[in-house]
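[1] generate coordinates for the sequence data below:
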Amino acid sequence: AGSAGAAGCHRQHVERGERHAAEGRIPQALIEYQSALEFEPNDAELHQRIGDLLALRREYKDAIAFYRKAFELDPERLGASMSEARLLAFGDPKRARELVQQGLERGPDRSDVQLTRAHVALAHGDVEEARLAAQRAIEIDPASSVAWAQLGKVEQARIRKHQLGGVLAPTEVFQAALDA
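    Residues are numbered from 1 along each chain as shown. Next up is the predicted model:
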């Protein structure tokens, strides 16, 4: 009976948290989700949701901890791992690249893995790697506006790279940016 009661309390907190999150009340959603974790501390999905909300609030250090825990609890939860990698792209690039590599090994045909690969590559100035990854994300999901936007960022970076070198980018680079 105690277990059923705990499951019911967990579910109620999650449902209230979902309502708060949907209505933009992030602090209240976090309180409900964290209350739900008291009843089911190994809920990987909930750890990832909390990470997402914390990232929205720009509380990156805490978000990273929740993403990491979600992935530890459920190694198939690549979304949490890729979210962590995106947040670490500038602060801990080695770890970000490790997470991307794990993602490529486990889910090479996932758009979010390829988009994270592109983000991390761009963060380190590897424009060609970023371009390949963004193009692969589009191949996987041609309707993804996020993938197309990522390719646009990559093409802008290609133009900047030429400009920083004091050289006008070739016409095809500008055309690729327009096409993206």
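
[2] list the contacts of the most centrally placed residue in the chain.
    Per Cα atoms, centre = their mean, the C-alpha nearest to the average position across the chain is that of residue 83, at 2.9 Å. Neighbour list for residue 83: 48, 51-52, 55, 63, 67 [criterion: Cβ atoms under 8 Å, 6 or more residues apart in numbering]. C-betas here are computed from N, CA, C, even on glycine.

[3] what segments of the protein are helices?
    Taking DSSP state H as the criterion, the chain carries its helices at 2-22, 26-39, 44-56, 60-73, 78-88, 93-106, 111-123, 127-140, 145-164, 171-179.

[4] out of the contacts of residue 83, which is most surrounded?
    Neighbour counts for these (other Cβ atoms under 10 Å) peak at residue 67, which has 29 neighbours.

[5] check contacts around it.
    47-48, 51, 80-81, 83-84, 87.

[6] residue 133 contacts residue 118, doesn't it?
    Yes: counting by Cβ atoms under 8 Å, residue 133 touches residue 118, with 3.8 Å between them.

[7] my read: residue 99 touches residue 86, true?
    No: in this structure residue 99 lies outside contact range of residue 86 using Cβ under 8 Å: 9.2 Å.

[8] pLDDT weak spots in this structure?
    1-4, 167-171, 173-180 (pLDDT under 70).

[9] any idea how far residue 88 lies from residue 22?
    Separation of residue 88 from residue 22 (Cβ to Cβ, to the nearest Å): 28 Å.

[10] looking at the two, which is more packed in?
    Of the pair residue 88 and residue 22, residue 88 is the one with more neighbours under other Cβ under 10 Å, namely 23 against 9.

[11] measure the nearest residue to residue 32 once chain neighbours are set aside to residue 64 for me?
    Nearest non-adjacent residue to residue 32, counting by Cβ to Cβ, 6 or more residues apart in numbering: residue 17, 3.4 Å away. Counting by Cβ to Cβ, the separation of residue 17 from residue 64 is 20 Å.

[12] residue 48 now?
    Residue 48 is 12 Å from residue 64, by Cβ to Cβ.

[13] same check on residue 151?
    Distance, residue 151 to residue 64, using Cβ to Cβ: 26 Å.

[14] do I have it right that residue 46 meets residue 40?
    Yes: contact criterion Cβ under 8 Å: residue 46 and residue 40 qualify, at 7.3 Å.

[15] the two: which is more packed in?
    residue 46 (23 against 17).

[16] ok, that one - contacts?
    Counted by Cβ under 8 Å, 6+ apart, residue 46 has contacts 14, 33, 36-37, 40.
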